[in-house]
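[1] This is a predicted model, with the sequence first.
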Amino acid sequence: MYKYDHYDQQMVDTRVAEFRDQAKRRLEGKLTEEQFKPLRLMNGLYLQLHAYMLRVAMPYGTLDARQMRALADIAERYDRGYGHFTTRQNIQYNWIKLEECADLLADLAKVEMHAIQTSGNCIRNISADHFAGAAADEVTDPRPYAELLRHWSSFHPEFSALPRKFKIAVIASDRDRAAMRLHDIGIQIVERDGALGAAFHVGGGMGRTPMIAPCIRDFVPLDQFVTYAEACLRVYNRYGRRDNKYKARIKILVHELGAEEYTRQVEEEFAHLLTLGIEPPAAELERIAAQFLEQLPESAELALDDTDPDFALWVSRNTQPHKQRGYISAVVSLKPVGGIPGDASAEQMRLMADLAERHGTGELRVTHTQNIVIPHVRQAELHALWTALEAAGLGAANIDTVEDIIACPGLDYCSLANARSIPVAQKISERFAASGKTAALGELKLKISGCINACGHHHAGHIGILGVDRKGVENYQLLLGGSEAEDVSLGKITGPGFDEAGIVDAVETAADVYLRERSDGERFLDTYRRIGMEPFKEALYG
Amino acid sequence: MRILTGNDLRSGAVVWWTGTYWSLHVEDAVDVTGEEDRVIGREEAARRVNAAYAIDAEIADGTPRPAHIKDRIRALGPTVRPDLTLKPADPAAGSWVI
């Protein structure tokens, strides 16, 4: 894992001191809210529905046990004993006091964490494949490249006031586990003729105008990829719209210019930037990459015990093959039946930290699906890990099933939301758990957003749900056919929306159509793509 | 009726204007119809409240009830965490919001 050097630590400590002074001046009345708001947002501090909310960055979703314990301590000391893991691989605290926030940031800095650039019109936390460095199918660990991008984008003076926020994801396998093409820039590290390069996808995103990023360059040499990213940002910063926030994201620029013309301008800028030699020195990438080299000791490869059906089910759904013999990655589901997706108590955070140290290397990952990965688990200890999770209520065997629901905080917490997301997720997971259909449905990704901003990725759900406000009453639109994976697609609305009870019935109706119509081996998404929307509409609306 | 809400500057807690101070409880809110901007301007200048705004409300069971669900959730707390609401023991709290 990357460790802060002197410069990193000094930057973060300096920012804490700066914010402490800004908050003090706000409380003393020397700054108005209008003056203070952009300053607090630069440090991830929002004013939400119930209180101040702090978003803490988890670079590419990676953290260690020490950091997870610090997050637990913060949940207890400054919040109400829990945190919410988000679809951007971050954590949010919902009940923060302004007068305590600088102390909180100082506690974060002690464990090499911060909330810088988790809000505002800047380059946000870089996300990545949550199995990076462990996945059997990757061509390399993408995190050193994500970390180099983090170095480049942190406090980048030219990109601190972009037309709108900017999100980057990095992966290094053909399986997309980071919704890469639904980011402003999605980078896939690829191998060609024995050399590694970066394929750039630019102009994706969800929100009110969902778009899939086109590939604008399929191979940028890795000793030029930061320069290429700079060129992509420069063209956007120069021509992205600032007159209308709803048309300010890069996806609108790429769409309006056309991918071909946008690419032409990027290439022109890239050629210019190459003459300036702005690429970080190779030695810096090597310094970073050296910190990600996992020297895992040999571990016995075991045939996993399938005599316990509950354990066998959990292994089949919640684990991922590892690149090294004798190891496996385990996914801790934060989606117990009837639970709040992505929420974890301080006690649960500490337990996950302990288990990561006991059975892995102490490393953890936050997934964009709001679960936690413990990578590098010794296979011989997998049963012990599962037993401990099960005893703590963290053993739900439901990854990528209809019960593994992504849900934004919705109207229960968010001032932008139009409808509640969490109660809908709770009712759906309870419905399917009670009906026993979850297993028969297999892979079925369900995603819920409480407003058009799409933090709950509803466009990318095999089944998506969008909460809207109909004259002060919550209403839910149903979408089918989305995917955030390598088979990326955007869901389509089925028709008129439903009330809270009706949307739960509607999801079950859509699932039943799939069970009736599927061919052997087809997932829900495959069946939808084969038979189209009509059979679902017929069942839903008659 | 029109009532005022905002967030306490220091703690961020949701508060309601009572005519003399800001209360945590919506049932303490008073009608400020016609006075909204004057009260908000004075109270924000005095740093007693942050991001204040006026909303529509009605009297229900003798106390003010915000007209919109968003403000009713603000008044009570997240509907999915009854242990964190202002009236965790009130079995009717959920129906009050919805």
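    Alright, I've got the coordinates.

[2] Assign a three-state SS to residue A:35, would you?
    Reduced to three states with DSSP: H, G, I helix; E, B strand; the rest coil, the structure at residue A:35 is helix.

[3] All the strands of the stretch 101-250 of chain A, in order from the start?
    Secondary structure of the stretch 101-250 of chain A (DSSP state E, counting those that start in this stretch): strands at A:127-128, A:168-171, A:185-192, A:195-202, A:215-221.

[4] now do the stretch 351-500 of chain A
    In order along the chain, the stretch 351-500 of chain A carries the following strands (DSSP E, counting those that start in this stretch): A:363-366, A:372-378, A:406-407, A:446-449, A:463-470, A:473-480, A:492-493.

[5] and if you look at chain B?
    Along chain B, counting by DSSP state E, strands occupy B:2-7, B:14-17, B:22-23, B:50-60, B:63-66.

[6] how far does stretch B:46-54 stretch from start to finish?
    Between the opening and closing residues of stretch B:46-54 there is a gap of 18 Å (Cα to Cα, to the nearest Å).

[7] again with stretch A:278-292
    Taking Cα to Cα, the span from the opening residue of stretch A:278-292 to its closing residue is 24 Å.

[8] how about the top helix by length along chain B, does it reach chain A?
    The residue-count maximum for a helix in chain B (DSSP state H) belongs to helix B:36-45. Yes. Taking Cβ under 8 Å from any Cβ of the partner chain as the criterion, helix B:36-45 and chain A are in contact, through residue B:44. All C-beta spots, glycine's among them, are computed from the backbone N, C-alpha and C.

[9] which parts of that helix are buried?
    Within helix B:36-45, the residues scored as buried using 16 or more other Cβ atoms under 10 Å in any protein chain shown are B:36, B:39-40, B:43-44.

[10] Repeat that for stretch A:426-444.
    Applying a neighbour-count criterion of 16+ other Cβ under 10 Å, one finds A:426-429, A:431-433, A:437-438, A:441-444 buried in stretch A:426-444.

[11] out of the residues you listed, which touch chain B?
    Counting by Cβ under 8 Å from any Cβ, the members of the buried residues of stretch A:426-444 that reach chain B are residue A:426.

[12] Can you name the residues of the stretch 1-150 of chain A that neighbour chain B?
    Residues of the stretch 1-150 of chain A lying near chain B (Cβ under 8 Å from any Cβ): A:26-27, A:29, A:33, A:47, A:49-52, A:80, A:95-99.

[13] switch to 10 Å and redo it
    Counting by Cβ under 10 Å from any Cβ of the partner chain, the residues of the stretch 1-150 of chain A lying close to chain B are A:23, A:26-29, A:32-33, A:36-37, A:45-53, A:80-82, A:94-101.

[14] Can you say which of those are buried?
    Using 16+ other Cβ under 10 Å as the burial test, these include A:23, A:26, A:36-37, A:45-53, A:80, A:82, A:94-101 as buried.

[15] Among these, which ones are in strands?
    With strands taken from DSSP E, the overlap with those comprises A:45-47, A:52-53, A:82, A:94-96.

[16] pretty sure residue A:145 is touching residue A:60, no?
    Yes. The pair formed by residue A:145 and residue A:60 meets the contact definition of Cβ atoms under 10 Å, at 9.5 Å.

[17] how about the strands of the stretch 101-250 of chain A in a markdown table, adding mean neighbour count and mean pLDDT?
    Conversion of the strands of the stretch 101-250 of chain A to a markdown table gives the following (neighbours: other Cβ atoms under 10 Å in any protein chain shown; pLDDT from 0 to 100):
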| stretch | mean neighbour count | mean pLDDT |
| --- | --- | --- |
| strand A:127-128 | 29 | 98 |
| strand A:168-171 | 28 | 98 |
| strand A:185-192 | 22 | 98 |
| strand A:195-202 | 21 | 98 |
| strand A:215-221 | 17 | 98 |
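
[18] now those strands as a markdown table including distance to residue A:500?
    Listed next are the strands of the stretch 101-250 of chain A as a markdown table, based on distance: least, Cβ to Cβ, whole Å:
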| stretch | distance to residue A:500 |
| --- | --- |
| strand A:127-128 | 31 |
| strand A:168-171 | 32 |
| strand A:185-192 | 34 |
| strand A:195-202 | 36 |
| strand A:215-221 | 40 |
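
[19] Next up, the contacts around the residue of the stretch 101-250 of chain A found nearest chain B.
    Across the stretch 101-250 of chain A, no residue is closer to chain B than residue A:101, which sits at 9.4 Å (Cβ to the nearest Cβ). Residues touching residue A:101, when contacts are defined by Cβ atoms under 10 Å, 6 or more residues apart in numbering or on different chains, comprise A:16, A:19-20, A:23, A:40, A:43-45, A:52, A:54, A:78, A:93, A:115, B:12.

[20] ditto for residue A:281
    Contact analysis of residue A:281 by Cβ under 10 Å, 6+ apart lists A:223, A:287.

[21] For chain B, see how far away it is.
    Relative to chain B, residue A:281 is positioned 44 Å away (criterion: Cβ to the nearest Cβ, to the nearest Å).

[22] Name the nearest residue to residue A:211, ignoring sequence neighbours.
    In space, not counting the residues next to it along the chain, residue A:211 is nearest to residue A:251; the distance is 4.4 Å by Cβ to Cβ, 6 or more residues apart in numbering or on different chains.

[23] next one: residue A:3
    If you skip the residues right next to it in sequence, residue A:3 has residue A:291 as its closest partner in space, 6.1 Å away by Cβ to Cβ, 6+ apart.

[24] Near the one you found, how many residues? Count them for me, please.
    Here the number of neighbours of residue A:291 (other Cβ atoms under 10 Å in any protein chain shown) works out to 13.

[25] my guess is it meets residue A:143, correct?
    Yes. Residue A:291 is in contact with residue A:143 according to Cβ under 10 Å; the separation is 9.4 Å.

[26] Just give me the residues shared between the contact sets of those two.
    Common neighbours of residue A:291 and residue A:143 are listed as A:1-2 (criterion: Cβ under 10 Å, 6+ apart).

[27] what sits against residue A:288?
    Listed by Cβ under 10 Å, 6+ apart, the contact set of residue A:288 reads A:2, A:5, A:143-148, A:150-151, A:280.

[28] and the gap between the nearest residue to residue A:49 once chain neighbours are set aside and residue A:451?
    With Cβ to Cβ, 6+ apart as the measure, residue A:415 is the residue that lies nearest to residue A:49, at 4.7 Å, once sequence neighbours are left out. Residue A:415 sits at a distance of 10 Å from residue A:451 (criterion: Cβ to Cβ, to the nearest Å).

[29] Which one's more surrounded, those two?
    residue A:451 (23 against 14).

[30] Keep only those of the buried residues of stretch A:426-444 that are in helices.
    When those are checked against helices using DSSP H, the ones located there are A:426-429, A:431-433, A:438, A:441.

[31] pretty sure residue A:378 contacts residue A:325?
    No. In this structure, residue A:378 sits apart from residue A:325 without contact. The criterion is Cβ under 10 Å, and the distance is 11.0 Å.
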